[in-house]
Structures are given as C-alpha cells and as structure tokens.
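Asks: Got a predicted structure here, sequence first:
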Amino acid sequence: MSAGKRKLALAFSAILAGTAIALAAPAPAQADTGDCVTYLRSKGYSVDSYIKDACKTGDALGGARGIKYCKDKLRQRGGISSAHASSACTRAVS
C-alpha cells in the first residue's frame, strides 16, 4: 500500500472511530411538560388541563421566559405554592 493510501485509510479510520463514539454516548437528559406535571402530582396537586397547558407553554417558550410564564399561570390558578410552581416550571423548561 502506498503512503498516500495509508494516510487516507488512517484518516478514514479516525473519522469512523469518532462517529462511533459520538453515537454510543447517551443524549443529555431533557426536561419537558411531563416532568412538570409529574412533579406537581407528586406534591399532591390534582392536575387538570389548565396546569398541563401552563407546563406545556412554558416548555415551548423555553428559558427564563418559559419559566416565568409557567410560574405566573400556575400561581394565577390558585392553590399552588410559589416554591412548587417554581420547581415544576424549572422541570418543564430545563
């Protein structure tokens, strides 16, 4: 095998190895609407469509804006503590 073909084969092998490692690595955990809803249920709240929508919209907006929207909606609903709303919405967005 010529030196050029050897270099090409080594480069190709390195690319394949890098791809295999990237594919084998687990994806980072993703929070979502379900995490928000599950958290509130675990705290004893009855979850209805209003609460699900607050979590879902917060998740869709993302970031600080999504957390604020979600918390505000949950607090407007009444009966959900500020601490629980904050924890739930962080789970929906983070």
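Replies: Yes, it's here. Numbers count the residues shown, from 1 in each chain.

Asks: Check which element follows the helix or strand of the chain with the lowest mean pLDDT along the chain.
Replies: Ranked by mean pLDDT, DSSP states H and E, the weakest helix or strand in the chain is helix 3-24, scoring a mean of 58. Once the chain leaves helix 3-24, the next helix or strand it forms, by DSSP states H and E, is helix 33-42.

Asks: buried ones in that next one?
Replies: Buried residues in helix 33-42, defined by neighbour count with 16 or more other C-beta atoms under 10 Å: Thr33, Asp35, Cys36, Val37, Tyr39, Leu40. In short, each C-beta sits where N, CA and C put it, glycine included.

Asks: out of the residues you listed, who's nearest Arg6?
Replies: Distance to Arg6 across the buried residues of helix 33-42 (C-beta to C-beta) is lowest for Asp35, with 50.8 Å.

Asks: Look up the closest residue to the closest one, ignoring the ones flanking it.
Replies: Arg91 (4.0 Å; C-beta to C-beta, 6 or more residues apart in numbering).

Asks: Check the burial of Ala88 by counting its neighbours.
Replies: 30 (other C-beta atoms under 10 Å).

Asks: tell me the secondary structure for it?
Replies: Taking DSSP: H, G, I helix; E, B strand; the rest coil as the rule, one finds Ala88 in the helix state.

Asks: And the residue nearest to Asp35, how far from Ser2?
Replies: 58 Å (C-beta to C-beta, to the nearest Å).

Asks: Between those two, point out the one with more neighbours.
Replies: With neighbours defined as other C-beta under 10 Å, Arg91 and Ser2 compare such that Arg91 has more, 23 against 7.
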